[in-house]
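Participant: below are the sequence and a predicted model; questions follow.
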Amino acid sequence: MKRKPWAIIVLALLHIIAPLGSFIFNAVRAGRTFEAQWYFWTKVLPPAFMLIYVCLPILAGIFIYLCKRWSYWAYLGCLAIIFVTNVMAFMANMTLLNFVYLIVVLLVDLLAVAYFVVPAVRQVYFDPRMRWWEAAPRFVFKNAVTVNGAEGEISNISKGGLFINTGLNLFEDQSVNLEWSFEGQTYKALGTVVFKSKANTGYGIQFKELDSAGAIKNLCNTLKSRGQMVPERLPGPEDSFGVWLKKVLTSREGLFPKK
């Protein structure tokens, strides 16, 4: 199955390593050795400094990477605390140079927030259907099936559902009874139609109730051991970091997640 969008991975990593960049920048700006700068951070500055400027950016990066509704708000909370603290810290010792640093820092914070309020990015955190990398692996499985008593054929299957072809005219959100046999075992399930192909013959079914959940899990494990994962669910060369970076630099594609 494919990975998270590279843009989100890169931004998460940048947040995580931000304290290191801040440490090096402040050491150079103050003319201190790294050892002296570490002593200044840990022994001279208040303990709250380490929490706000070291721990919070790392937590923010982790929250970005998790791609959950709660982590979205937790990330914005971290940035809000850092934003306010930066303003208060620079205002306490305001010089022209510090004012320039403050503007740069605030612009970076605002750009980060602006990126995550873009609808295409925000939807990743609020709509589980956008997190396609979390979907259970699908396996090629050509097998006969009965759908509400009518004949059909399974194209692929996962632990959470399957895709079938049938002459029945089904509609989305319709409940269907499924039954099929494979290698001497009978499988029964109640499912819900969640996708309908344009040809109106193919349907994505999500399992709702399973009489044989353990058996279906074992079936998927068997198909996995036989190398029958649906090819397009596997990361390919086009999903590599290098290809993504090239697209960003040449055509500005890949900055925002796509469905």
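Facilitator: On my side now, so go ahead. Quick caveat: nothing in here was measured; it's all calculated off a predicted structure.

Participant: okay, CA-based contacts and neighbour counts for the rest of this
Facilitator: Noted.

Participant: pretty sure W41 is touching M50, no?
Facilitator: Yes - with contact defined as C-alpha atoms under 8 Å, W41 counts as touching M50 (7.4 Å).

Participant: look up how far Q228 lies from the nearest residue to N148 once chain neighbours are set aside.
Facilitator: Excluding the flanking residues, the one nearest N148 by C-alpha to C-alpha, 6 or more residues apart in numbering is N177, at 5.0 Å. Distance, N177 to Q228, using C-alpha to C-alpha, to the nearest Å: 25 Å.

Participant: tell me where the chain is predicted with low confidence.
Facilitator: 1-2, 94, 210-213, 232-236, 259 (pLDDT under 70).

Participant: and the strands in it?
Facilitator: 139-147, 150-157, 161-166, 175-182, 185-196, 202-210 (DSSP state E).

Participant: which strands and helices lie in contact with the first one?
Facilitator: Put plainly, it is strand 139-147. strand 150-157, strand 175-182, helix 213-225 (3 or more C-alpha pairs under 8 Å, 6 or more residues apart in numbering; DSSP states H and E).

Participant: now the first one, how far from the centre of its chain.
Facilitator: By that I understand strand 150-157. 30 Å (C-alpha atoms, centre = their mean, to the nearest Å).

Participant: mind exporting it as CSV, just the C-alpha atoms?
Facilitator: C-alpha atoms of strand 150-157 as CSV (Å, rounded to 0.1, in the frame of the first residue of the first chain):
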residue,chain,number,x,y,z
ALA,A,150,-27.6,-13.7,-7.6
GLU,A,151,-24.4,-14.7,-9.3
GLY,A,152,-21.4,-12.5,-9.3
GLU,A,153,-17.6,-12.6,-9.3
ILE,A,154,-15.1,-11.2,-6.8
SER,A,155,-12.2,-9.2,-8.3
ASN,A,156,-10.2,-8.4,-5.2
ILE,A,157,-10.6,-8.7,-1.5
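
Participant: mind listing what's buried in it?
Facilitator: Within strand 150-157, the residues that count as buried by 16 or more other C-alpha atoms under 10 Å are G152, E153, I154, S155, N156, I157.

Participant: before we move on, what about the last one?
Facilitator: Along helix 213-225, the positions that meet the burial threshold by neighbour count (16+ other C-alpha under 10 Å) are A213, A215, I216, L219, C220, L223, K224.

Participant: list the buried ones in stretch 160-179?
Facilitator: Buried, per 16+ other C-alpha under 10 Å, within stretch 160-179: 160-166, 170, 175-179.

Participant: check stretch 126-146 too.
Facilitator: Those buried within stretch 126-146 under the rule 16+ other C-alpha under 10 Å are M130, R131, W133, A135, P137, R138, F139, V140, F141, A144, V145, T146.

Participant: my read: the third one touches R3, true?
Facilitator: The reference is to W133. Yes - shown here, W133 and R3 form a contact pair, counting by C-alpha under 8 Å, at 5.4 Å.
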